[in-house]
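Asks: sequence first, predicted model second:
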Amino acid sequence: MTLRSVVLLCALWLAAPAPAHVLYGRTTLRQWIAQSPVVAVVEFESDVQMWRADDASDRQEYFRVRALETLRGEAPSGSFEFFPHAEGFPGFHAGDRALLFLEPTSKRVEFTTLAARFPWFSAQSAGSEWTLAGAGGERILAVARRWCSLRETSVADPAGAVRAILLAALGSGVARLQDDAIAELVGVRALPGVLDADGVAAFAALADAPELGLTHRLALVRLLEGAPGFDAPPRLRALAREAGAQGSGLSQMIRVAGASDDPELRSWLGALAEDPRPWVRREALAALGR
């Protein structure tokens, strides 16, 4: 692997999504994989259970699962138990198939009394369950496999590999994968090769695709602004017309238009300043004031 490739991959795995035009504060799937020694596909054999020490000195909520596939590291085989350690208890239930991100309990000094009973814990919390139900679950799993493969193996074109994963996530139809892709693009768009001519063309095609929701297309257009060969103003005008007609993403579009000096967008805001909906008038007037 070339020095350029090493630098790009190091930057990718160390990067955290930063706030941009849209805020994405949660941990992405790629970050879960990067920070977890073990990534496994499991089936939950129980709802949450409660363990109590014989002398009543300690207790711990836990789950029992069965390992189906290991994507990274060395997961236990067969059935095993783990406990969650996070703010906001995860909503796993018996029968769920899910991605599980595990760490060895023995590596954490605060879990000394639990290590003998529970060799594994997970930092997954409410909202980060990554369950794998139906067709959407298969798409999540496919993207997870690709991130794991990129993490563990050498590739000749890491920028192209990253770009391909993000495009797959954006085109997956799974909202949380699409959120992840936007968040990751914030962090990697400046890395060499990610937004070369082919990359800009591929992302631009998705920015024009009605299959992708307005909010995600708007975020893509903002992230691609200034990229060679990408013409943002006409796309923003089209998105403004769409937001005005549907009401979907209208508040976000108003804020974006308020930061623009495009005459057509300013005129659009002026029309919204006389909208019959009070909240629309307030936001439009605030945007015009900015």
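Replies: Yep, it's here.
Asks: any idea how far residue 61 is from residue 85?
Replies: 10 Å (Cβ to Cβ, to the nearest Å). For glycine as for every other residue, the C-beta is placed from the backbone atoms N, C-alpha and C.
Asks: these two: which has the busier surroundings?
Replies: residue 85 (18 against 12; other Cβ atoms under 10 Å).
Asks: next, count neighbours for the nearest residue to residue 232 once chain neighbours are set aside.
Replies: Among residues not flanking residue 232 along the chain, residue 225 sits closest, at 4.5 Å (Cβ to Cβ, 6 or more residues apart in numbering). Applying other Cβ under 10 Å, we find 15 residues neighbouring residue 225.
Asks: likewise residue 125?
Replies: 17.
Asks: kindly report the same for the one 3 residues further on.
Replies: By the measure other Cβ under 10 Å, the count of residues near residue 128 is 19.
Asks: pretty sure residue 254 sits in a strand.
Replies: No: going by DSSP: H, G, I helix; E, B strand; the rest coil, the assignment for residue 254 is helix, not a strand.
Asks: hmm, it is touching residue 289, no?
Replies: No: applying Cβ atoms under 8 Å, one finds residue 254 not in contact with residue 289, separated by 11.9 Å.
Asks: who has more neighbours out of those two?
Replies: residue 254 (24 against 7).
Asks: run through the residues that contact that one.
Replies: 269, 272, 280, 283-284, 287 (Cβ atoms under 8 Å, 6 or more residues apart in numbering).
Asks: buried residues of the helix or strand hosting residue 32, list them for me.
Replies: Assigned by DSSP states H and E, residue 32 falls within helix 29-35. Neighbour counts using 16 or more other Cβ atoms under 10 Å place 29-34 of helix 29-35 among the buried residues.
Asks: ok, so of those residues, who is nearest residue 49?
Replies: Nearest to residue 49 among the buried residues of helix 29-35: residue 32, at 23.7 Å, using Cβ to Cβ.
Asks: how near is the nearest residue to residue 246 once chain neighbours are set aside to residue 153?
Replies: Leaving aside its sequence neighbours, residue 246 sits nearest to residue 214 (Cβ to Cβ, 6+ apart; 7.2 Å). Separation of residue 214 from residue 153 (Cβ to Cβ): 37 Å.
Asks: for these two, indicate the residue with more neighbours.
Replies: residue 214 (17 against 8).
Asks: wait, a strand at residue 61?
Replies: Yes: under the criterion used here (three-state DSSP), residue 61 sits inside a strand.
Asks: wait, what's in contact with it?
Replies: 48-51, 83-84, 89.
Asks: make a ChimeraX selection of the buried ones in the residues you listed.
Replies: Buried residues within the contacts of residue 61, by 16+ other Cβ under 10 Å, are selected in ChimeraX with:
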select :48,83,84
